[in-house]
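Visitor: Sequence and predicted structure, then a few things I'm wondering about:
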Amino acid sequence: MAEPHESRVYSDFAHLYDQVFGRVFVDHEHDVIQSLALRPGHRVLEVGVGTGISLGAYPPYVKVVAIDSSLEMLEQAQAKIKENDWRHIELVQGNALSLDFPDDSFDVVCAFHVISVVPDPRRAMTEMRRVCKPGGRIVIVNHFRSENSLLGGLTALINPVTKHLGWTTLLRLRDVLQDNSVQVERREKAARFSVHTVVIMRKQG
Ligand SMILES: C[S@@+](CC[C@H](N)C(=O)[O-])C[C@H]1O[C@@H](n2cnc3c(N)ncnc32)[C@H](O)[C@@H]1O
């Protein structure tokens, strides 16, 4: 069976993404970005930006570099940038598992609904931590498998379906939080009754 990142949602059907998934994700992504209180001059990397539903939340006084592996998703994001004349945002095709940036490059590194899509989530975390400056923040929003065996088991049952749609339901938060060079500063539900979790980590200096 195809892996989540190979889903046609991120290629042939990229033009439908905003209507189907984007409307579910957009509000909590904007809330999280606003809660970061970004300051003038901050450099932000967004990994797996997709069609760019988050981009409108970044203030114009920060510099945003946003990457994705899918050209079709990036085309949708580029249209938003052009329409809104967002000169503070740069799009680059790239791989979350091998980020093409030097160590300690960004004040904030975000990944929204990406860590359960990439084929090697731990590698993606290692890369995000590498390019984050010491003292900088790594911000994840994602669905994680419940530690409750009944709930976790139920969501695991639908994994064959969600894999086709483009994500796994098997990933646990603890699978990606095994590095003690980051400190979890915030961990909470994206909204009341949400199945998505916000995790904000600080890279130790
Ligand atoms: C569920 S979408 C999330 C998009 C966006 N962050 C959002 O919240 O709407 C997952 C995205 O991860 C991208 N992706 C998958 N594997 C990737 C990789 N190895 N490197 C970079 N992006 C990747 C896909 O192309 C897709 O745009």
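Guide: The structure has been received and is ready for your questions. Numbering: from 1, shown residues only.

Visitor: Contacts only, for the residue lying closest to residue 59 once chain neighbours are set aside.
Guide: Beyond its immediate neighbours in the sequence, the residue positioned closest to residue 59 (Cβ to Cβ, 6 or more residues apart in numbering) is residue 38, lying 5.9 Å away. Any C-beta I mention is one placed from the backbone N, CA and C, and that applies to glycine too. Neighbouring residues of residue 38 by Cβ atoms under 8 Å, 6 or more residues apart in numbering: 44, 58, 59, 61, 62, 107, 108.

Visitor: cool, and residue 72?
Guide: 10, 11, 12, 14, 15 are the contacts of residue 72 under Cβ under 8 Å, 6+ apart.

Visitor: and with 10 Å instead?
Guide: 8, 9, 10, 11, 12, 13, 14, 15, 17, 50, 51 (Cβ atoms under 10 Å, 6 or more residues apart in numbering).

Visitor: Near the ligand, list only the ones from those.
Guide: Applying Cβ under 6 Å from any ligand atom to these, one finds that 10, 50 fall near the ligand.

Visitor: could I get the contacts of residue 72 as TSV with neighbour count and secondary structure?
Guide: Written out in TSV, the entries for the contacts of residue 72 read as follows (neighbours: other Cβ atoms under 10 Å; DSSP: H, G, I helix; E, B strand; the rest coil):
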residue	neighbour count	secondary structure
8	13	helix
9	22	helix
10	22	helix
11	12	coil
12	10	coil
13	14	coil
14	21	helix
15	13	helix
17	21	helix
50	29	coil
51	25	coil
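
Visitor: between the contacts of residue 72, which is nearest the ligand?
Guide: Distances from the contacts of residue 72 to the ligand were compared by Cβ to the nearest ligand atom; the smallest belongs to residue 50, at 2.5 Å.

Visitor: separation between the closest one and residue 111?
Guide: As defined by Cβ to Cβ, to the nearest Å, residue 50 lies at a distance of 11 Å from residue 111.

Visitor: Report the set of residues contacting both of these two.
Guide: Each of residue 117 lies in contact with both residue 50 and residue 111 under the rule Cβ under 10 Å, 6+ apart.

Visitor: mind listing the helices for this structure?
Guide: Defined through DSSP state H, the helices belonging to the chain, from first to last, are 17, 23-35, 71-84, 121-131, 149-157, 159-165, 173-176.

Visitor: The longest strand seen in the chain vs helix 23-35, what angle?
Guide: Under DSSP state E, the strand in the chain containing the largest number of residues is strand 132-143. Taking axes from the mean of the first three to the mean of the last three Cα atoms, to 10 degrees, one finds strand 132-143 and helix 23-35 inclined to each other by 150 degrees.
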